[in-house]
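Here's a sequence, model it:
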Amino acid sequence: MFADRAKIYVRSGKGGDGHVSFRRELYVPNGGPDGGDGGDGGNVVFVVDQGLNTLTDFRNIRKYKAGDGEEGRKRNCHGANGRDVILKVPPGTVIRDFETGKVILDMADRSEPVVLFRGGRGGKGNQHYVTSVMQAPKYAQPGQPAVEKELTLELKMIADVGLVGFPSAGKSTLLSVTTNARPKIAEYHFTTLSPNLGVVDLEGGNGFVMADIPGIIEGASEGVGLGFDFLRHIERTRALVHVVDAAGVEGRDPVEDVRLINEELEKYNAELAHRPMILAANKLDLLLPEEREEILGKLKEAYGDRMVSILPVSAATKEGISTLLYTLSDLLKTLPRETIVFEQEIDPDSFRQEEQLSFTVERSSDEENVYLVEGPKIERMLGYTNLEDEKGFLFFQDFMKKNGILQQLEDLGIQDGDTVRVYGHEFDYYHE
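Next up is the predicted model:
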């Protein structure tokens, strides 16, 4: 089953906590601290696998967790680092934040593995907190937390040319006679249930990759029919071939069909409607010569200014196919060769920063003259600060000042003698 979209949960590893321990050896009665550092948490890594062309695997397995770093140990032993989790994706995969829909990473131009979320750093053991006045620190630094996120994976195929048009216009047949692709073809709507890629081989190494996109219908940009599900696959194409049933086999008007498809493209992505486009008037083998001239004349009158070329073709008899391919090849030579890459809209590091820098300062609603200071950053700081030690308490005061917490308390109207409560610790506030 073809899958070009998936929702997954990923989590980097938590950093291991630093260790608190002291040397206890024969003839060394007052050994110093020897707590080792915690190991770093594992990373969440994405890598492009050229052998993949679908996101099916992510439909079956939706949760991916890196290993946590181990806690440090005595005798200065460093905790082991957590295991990375490596996710293999097909070329062209776009990674988005599920909550906001913003692009975090586009793997279209990535040949090397990319670390999306780094694991938390391991905490420092108590050996790092020795000072001239604190020879036996009884605290260590906790490891940094993991980063966890729900992501949307979206596959946007990488092709030079995209075939668009209504169902049964002949796109799959055209792909099958021009490339090495062998799509399923039958005489009914929506035979093509997934995009197909094929390579066009031309003399002189001027080949290119062509994609057949399932038939677009009126209302596709609003989610009607199958076309909407696959419109994303033409966003990277450098040029489009609009295949229209010029014979009107099902009683449709070719001129109106072209207008409707262009309208859907513009609604979905305005830039697509202005991408270089060739109109392939297909199934002309079913028309008499005078009927051919009439319909080609109408198409040129309506779209001559919009199209690079309007070419008569018959995918069934291969009439005009060579002209179409070489016209496409010449067009592609005039267009930039760089793969279209979607710009990053949100920095993955921001997810960690939001967690680390968060804290709240507020007046208690239950008690008068009491102010509450809470948040992950405060809690972690208290984990490695000894408030009973003078040096540790000075560090705590400096932390409150540098992070703007004292200023926020003043903005809330705190007065000398009021109480500041921080995770079970209470302090009387006095302005310096």
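
Just the element for residue 330, please.
Using DSSP states H and E, residue 330 sits in helix 321-333.

Centre of the chain to that helix, how far?
How far helix 321-333 lies from its chain's middle: 34 Å, per CA atoms, centre = their mean, to the nearest Å.

counting contacts, what elements does that helix pack onto?
Counting by 3 or more CB pairs under 8 Å, 6 or more residues apart in numbering; DSSP states H and E, the packing neighbours recorded for helix 321-333 are helix 171-178, strand 196-200, strand 208-212, strand 239-245, strand 277-282, strand 309-312. The way it works is simple: take the backbone N, C-alpha and C, and place the C-beta from them, glycine included.

Run through who's touching that helix.
Outside of helix 321-333, the residues within contact range by CB atoms under 8 Å, 6 or more residues apart in numbering are 160-161, 174, 177-178, 200, 202, 206, 208, 238-239, 241, 276, 278, 280, 308-309, 311, 313, 315.

circling back to that earlier point, so which of the helices and strands packed on helix 321-333 is nearest residue 297?
strand 309-312 (10.0 Å; CB to CB).

you'd agree residue 71 is up against residue 17?
Yes: distance between residue 71 and residue 17: 4.9 Å, which falls inside the contact criterion (CB atoms under 8 Å).

Check the gap between the residue positioned nearest the centre of the chain and residue 138 for me.
Closest residue to the average C-alpha location of the chain: residue 95 at 1.4 Å, with CA atoms, centre = their mean. In this structure, residue 95 and residue 138 are separated by 43 Å, where distance is defined by CB to CB, to the nearest Å.

returning to what we had before: could the helices and strands packed on helix 321-333 be laid out in a markdown table, adding mean neighbour count?
Compiled in a markdown table, these are given as follows (neighbours: other CB atoms under 10 Å):
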| stretch | mean neighbour count |
| --- | --- |
| helix 171-178 | 24 |
| strand 196-200 | 20 |
| strand 208-212 | 24 |
| strand 239-245 | 25 |
| strand 277-282 | 26 |
| strand 309-312 | 20 |
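
okay if I get those as a markdown table plus mean pLDDT and distance to residue 378?
What follows is those, written out as a markdown table (pLDDT from 0 to 100; distance: least, CB to CB, whole Å):
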| stretch | mean pLDDT | distance to residue 378 |
| --- | --- | --- |
| helix 171-178 | 81 | 60 |
| strand 196-200 | 77 | 53 |
| strand 208-212 | 83 | 53 |
| strand 239-245 | 92 | 55 |
| strand 277-282 | 92 | 58 |
| strand 309-312 | 92 | 66 |
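
And those: which comes nearest residue 251?
Of all the helices and strands packed on helix 321-333, the one in closest proximity to residue 251, counting by CB to CB, is strand 239-245 (10.2 Å).

Report the angle between the closest one and strand 208-212.
For strand 239-245 against strand 208-212, the angle by axes from the mean of the first three to the mean of the last three CA atoms, to 10 degrees is 40 degrees.

Which SSE is immediately downstream of strand 239-245?
Moving toward the C-terminus from strand 239-245, the first helix or strand encountered (DSSP H and E) is helix 254-268.

other SSEs contacting that following helix?
Looks like helix 254-268 contacts strand 239-245, helix 289-303 (3+ CB pairs under 8 Å, 6+ apart).

Tell me the spatial nearest neighbour of residue 57, not counting adjacent residues.
residue 88 (8.0 Å; CB to CB, 6 or more residues apart in numbering).

And the strand or helix carrying the one you found, what does it pack against?
For residue 88, the host element (DSSP H and E) is strand 85-89. Strand 85-89 sits against strand 44-48, strand 63-65, with contacts defined as 3+ CB pairs under 8 Å, 6+ apart.

buried set for the last one?
So that's strand 63-65. Buried positions in strand 63-65, judged by neighbour count with 16 or more other CB atoms under 10 Å: 64-65.

hmm, who's touching it?
Contacts to strand 63-65, defined as CB under 8 Å, 6+ apart, come from residues 8-11, 13, 44, 85, 87.

ok, now stretch 335-347?
Contacting residues not belonging to stretch 335-347 are listed as 94, 97, 100, 102-106, 108-109, 156, 158, 235-236, 238-239, 276 [CB under 8 Å, 6+ apart].

avg pLDDT for it?
Regarding stretch 335-347, the rounded mean pLDDT is 84.

got the buried residues for that stretch?
Residues of stretch 335-347 classed as buried: 340, 342 (neighbour count, 16+ other CB under 10 Å).
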